[in-house]
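Participant: Structure for the following, please:
(4 chains)
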Number of protein chains: 2
Amino acid sequence: MAAINEVFRGECYDLLSDTKTIPDNYVDLIMTSPPYANKRVKSYGGIPTDKYLNWFLPISTQLKRVLKEDGSFILNIKEHPKNGERQTYVIELILALRKQGWFWVEEYCWYKKNSFPGKWNNRFRDSWERCLHFTKNKSFKMYQDEVMVPIGDWAKRRFKSMSENDYIRYTSSNQSNLGRNVSNWLKRQQVYPHNVMVFEKEHYIAPSNVLEFSTECSNKNHSAAFPVELPTWFIKLFTKEGDIVLDPFLGSGTTAVASFLLNRNYLGIEKQEDYYQEALLNLQEVKTLKKPDRKKKSG
Amino acid sequence: MAAINEVFRGECYDLLSDTKTIPDNYVDLIMTSPPYANKRVKSYGGIPTDKYLNWFLPISTQLKRVLKEDGSFILNIKEHPKNGERQTYVIELILALRKQGWFWVEEYCWYKKNSFPGKWNNRFRDSWERCLHFTKNKSFKMYQDEVMVPIGDWAKRRFKSMSENDYIRYTSSNQSNLGRNVSNWLKRQQVYPHNVMVFEKEHYIAPSNVLEFSTECSNKNHSAAFPVELPTWFIKLFTKEGDIVLDPFLGSGTTAVASFLLNRNYLGIEKQEDYYQEALLNLQEVKTLKKPDRKKKSG
DNA sequence: GTTCCGCATGAATCGATAG
DNA sequence: ACTATCGATTCATGCGGAA
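Facilitator: A predicted model of the protein is given here:
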């Protein structure tokens, strides 16, 4: 029978190949961060760079099988330097996935302001990672309203370098209400600069393809590859309540936790025992935390 | 005779091939933003995607010839979407340049925070561009001290959660006057909120590989490919005064202007007449602006 | 109960040293 | 001439003991 809200321990490829457990066109979103080449040596054996594609492509074939036609696949990855150069296996993977039939819609930039420290002769700290967005078709589900941000964030940045006339000129040229909204907003800001603006729906704008989320700090009990905000953002953007979210490299369970908290169904696969146990614990924890809230709401 | 502080009008490849004008191992930095595929149709005929590599690779061969052994090549580029997908010619170009013998050191992310809101069904506005860093060898010149930034955006990020005592503790621990300065600065901030703190040398840290520069505003005649801050940053990082900076796709002259203002020597090539003229004008303008400053200083 | 301060450590990276 | 391992370096953050 098809699995739902379950975490499996085992080899990613083997479990994904079981068409009874995970049928064709079953999940709405795949959000994952696979082990990077030569990283996580203990848990995944450290996939060598030159074998990365051969290792990943059979898995992505199965991912394509289980993903719905209008679903999305978000791949968080970043190549590390080797011998003073960025490795090329990630961009080779993009090309290979396209050959496999995936649609490369976008490359989001996850900007990690609190990246790992370091200073070297030839490079600075690496503060960003790729979040590659693949789909099975040109059109797909995307709920942009769920991730809108207040226009203030943007306007503040722009305010210094652009006059109000510039706004009006620019925005009125593309026949939208934005120009008028921005103009009104700016006037109010000037009249009541200390006001705390209450934004109405039309004062929210779409975010960009740069996502600013801090990495989780090391001292927390459960270390995770990415902070819960990252899968949360993509889950809101690409799924609705009741949809199914799969993470084939679940790690400590962040994707499943985010899915649960957003009332989505989760599926997870994790090879290593201690990560698997940690994922179960983390899920248990949020479930016990969430129950009282539900009772309050319903009763 | 070898050219210096000169802007040429003509075909990039032809002018770069003239070994007398631009000798081997001549320039310290190449900083450029080439026409993107199918863009700048008027000036470059809009290089088709499938011919981009064939067009670019002969040029980059010459760039490799003229670049010093310890020099750097910064390529600012971003692929646009086509048929709902990001195009792949840029990542193919990275692979091709490596085959050509270039060393792919790093991919800097230029984060354009103030890019104007836009909304499409399947994507958000594109707020970042690649700044690909190539060299001829594993080791190269890099003057990191020239681009240090104040300790982690300090005031902005810490202000909320840190008391003034914390500031003083933090900063006085390394035996300087910063603690006192910061204390004064905080008080001044309350009185003169627009003041800018001047930090001491030892409280600067290296930046990361994410660069936050705003795009230039619309009031200029031609919109520049990048703001002057972008070449300025790379010129400071990879060259010293008196070094030579080349931009083979000069456009409106931003790279040459930045080089001149930093007392570097510039070389530029631009195919299109009106861009060429604008570059000359922009250079003229900064030269007349800068001279009085010099006179004041020396006399 | 709060605030203050020491400290550990994270998908890090390089260069030197060892096998 | 390879790869493998180790130490030094770096900064944001939260934990826990001390004041």
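
Participant: ok, which stretches of the stretch 51-200 of chain A are strands?
Facilitator: A:67-77, A:81-82, A:85-86, A:103-111, A:128-135, A:149-150 (DSSP state E, counting those that start in this stretch).

Participant: out of those, deepest packed?
Facilitator: Burial of the strands of the stretch 51-200 of chain A is given as mean neighbour count (mean count of other Cβ atoms under 10 Å in any protein chain shown); strand A:128-135 ranks first at a mean of 23. Heads up, the C-betas are built off the backbone N, CA and C, glycines and all.

Participant: which parts of the helix or strand hosting A:Tyr13 are buried?
Facilitator: Using DSSP states H and E, A:Tyr13 falls within helix A:12-16. Neighbour-count burial for helix A:12-16, counted by 16 or more other Cβ atoms under 10 Å in any protein chain shown, picks out A:12, A:15-16.

Participant: That one near DNA strand C at all?
Facilitator: No: using Cβ under 7 Å from any atom of the strand, helix A:12-16 never reaches DNA strand C; the gap is at least 12.7 Å.

Participant: after that helix comes which helix or strand?
Facilitator: Following helix A:12-16 toward the C-terminus (DSSP H and E): strand A:27-32.

Participant: which helices and strands does that next one pack with?
Facilitator: Based on contacts counted as 3 or more Cβ pairs under 8 Å, 6 or more residues apart in numbering or on different chains; DSSP states H and E, the elements that strand A:27-32 packs against are helix A:52-66, strand A:67-77, helix A:229-238, strand A:244-247.

Participant: neighbouring contacts of it?
Facilitator: By Cβ atoms under 8 Å, 6 or more residues apart in numbering or on different chains, the list of residues contacting strand A:27-32 from outside reads A:63, A:66-68, A:71-76, A:141, A:231, A:234-235, A:238-239, A:243-250, A:255, A:264, A:267.

Participant: what's the angle from that strand to strand A:128-135?
Facilitator: Angle of strand A:27-32 versus strand A:128-135, following axes from the mean of the first three to the mean of the last three Cα atoms, to 10 degrees, is 160 degrees.

Participant: what about the residue in the stretch 51-200 of chain A that DNA strand D sits nearest to, how many residues close to it?
Facilitator: Of the residues in the stretch 51-200 of chain A, the one nearest DNA strand D is A:Pro117, at a distance of 2.8 Å by Cβ to the nearest atom of the strand. A:Pro117 has 10 neighbouring residues, counting by other Cβ atoms under 10 Å in any protein chain shown.

Participant: How about it: what's its closest non-neighbour residue?
Facilitator: Nearest in space to A:Pro117, with sequence neighbours left out and distances taken as Cβ to Cβ, 6 or more residues apart in numbering or on different chains, is A:Arg125 at 6.4 Å.

Participant: What part of chain A, helix or strand, is modelled with the least confidence?
Facilitator: helix A:164-172 (a mean of 40; mean pLDDT, DSSP states H and E).

Participant: near DNA strand D, which residues of the stretch 51-200 of chain A show up?
Facilitator: A:113-114, A:116-119.

Participant: Can you tell me which of those lies closest to B:Phe213?
Facilitator: Nearest to B:Phe213, judged by Cβ to Cβ, of these is A:Lys113 at 16.0 Å.

Participant: burial measure for the closest residue to that closest one other than its chain neighbours, as a count.
Facilitator: Distance criterion Cβ to Cβ, 6+ apart; nearest residue to A:Lys113, sequence neighbours excluded, is A:Ser214 at 5.9 Å. Neighbour count for A:Ser214, taken as other Cβ under 10 Å: 12.

Participant: Find me the pLDDT at the nearest residue to A:Glu92 once chain neighbours are set aside, would you?
Facilitator: Of all residues not flanking A:Glu92 in the chain, A:Leu53 sits nearest, at 6.3 Å (Cβ to Cβ, 6+ apart). On pLDDT, A:Leu53 comes in at 95.

Participant: For A:Leu53, give me its contacts.
Facilitator: A:89, A:92-93, A:96.

Participant: do the same with A:Thr19
Facilitator: If a contact means Cβ under 8 Å, 6+ apart, then A:Thr19 has A:Arg65 as its contacts.

Participant: Equivalent analysis for A:Pro248, please.
Facilitator: A:Pro248 touches A:12, A:16, A:30, A:32, A:34, A:59, A:63, A:268-269, counting by Cβ under 8 Å, 6+ apart.

Participant: Please apply the same query to A:Phe73.
Facilitator: Shown in contact with A:Phe73 (Cβ under 8 Å, 6+ apart): A:29-30, A:63-64, A:67, A:102, A:133-135.

Participant: cool, and A:Leu57?
Facilitator: Residues near A:Leu57 by Cβ under 8 Å, 6+ apart: A:96-97, A:100.

Participant: Could you dump the residues you listed into CSV and include distance to B:Asp24?
Facilitator: Below are these laid out as CSV (distance: Cβ to Cβ, whole Å):
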residue, distance to B:Asp24
A:Ala96, 38
A:Leu97, 40
A:Gln100, 43
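
Participant: Just the buried residues of those.
Facilitator: A:96-97.

Participant: mind putting the contacts of A:Leu57 in a markdown table, distance to DNA strand C included?
Facilitator: Shown next, in a markdown table, are the contacts of A:Leu57 (distance: Cβ to the nearest atom of the strand, whole Å):
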| residue | distance to DNA strand C |
| --- | --- |
| A:Ala96 | 18 |
| A:Leu97 | 17 |
| A:Gln100 | 21 |
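
Participant: list the buried ones in stretch A:235-253?
Facilitator: For stretch A:235-253, burial by neighbour count (16+ other Cβ under 10 Å) applies to A:235-239, A:243-253.

Participant: got it, and stretch A:1-17?
Facilitator: Buried residues in stretch A:1-17, counted by 16+ other Cβ under 10 Å: A:3, A:7-9, A:12, A:15-17.

Participant: Pull the most distant pair out of those residues.
Facilitator: Spatial extent of the buried residues of stretch A:1-17 (Cβ to Cβ) is set by the pair A:Val7 and A:Ser17 at 17.6 Å.

Participant: nearest residue to A:Arg98 other than its sequence neighbours?
Facilitator: Among residues not flanking A:Arg98 along the chain, A:Trp104 sits closest, at 5.6 Å (Cβ to Cβ, 6+ apart).

Participant: what's the answer for A:Cys12, then?
Facilitator: In space, and not counting its chain neighbours, A:Cys12 is closest to A:Pro248: 4.9 Å by Cβ to Cβ, 6+ apart.
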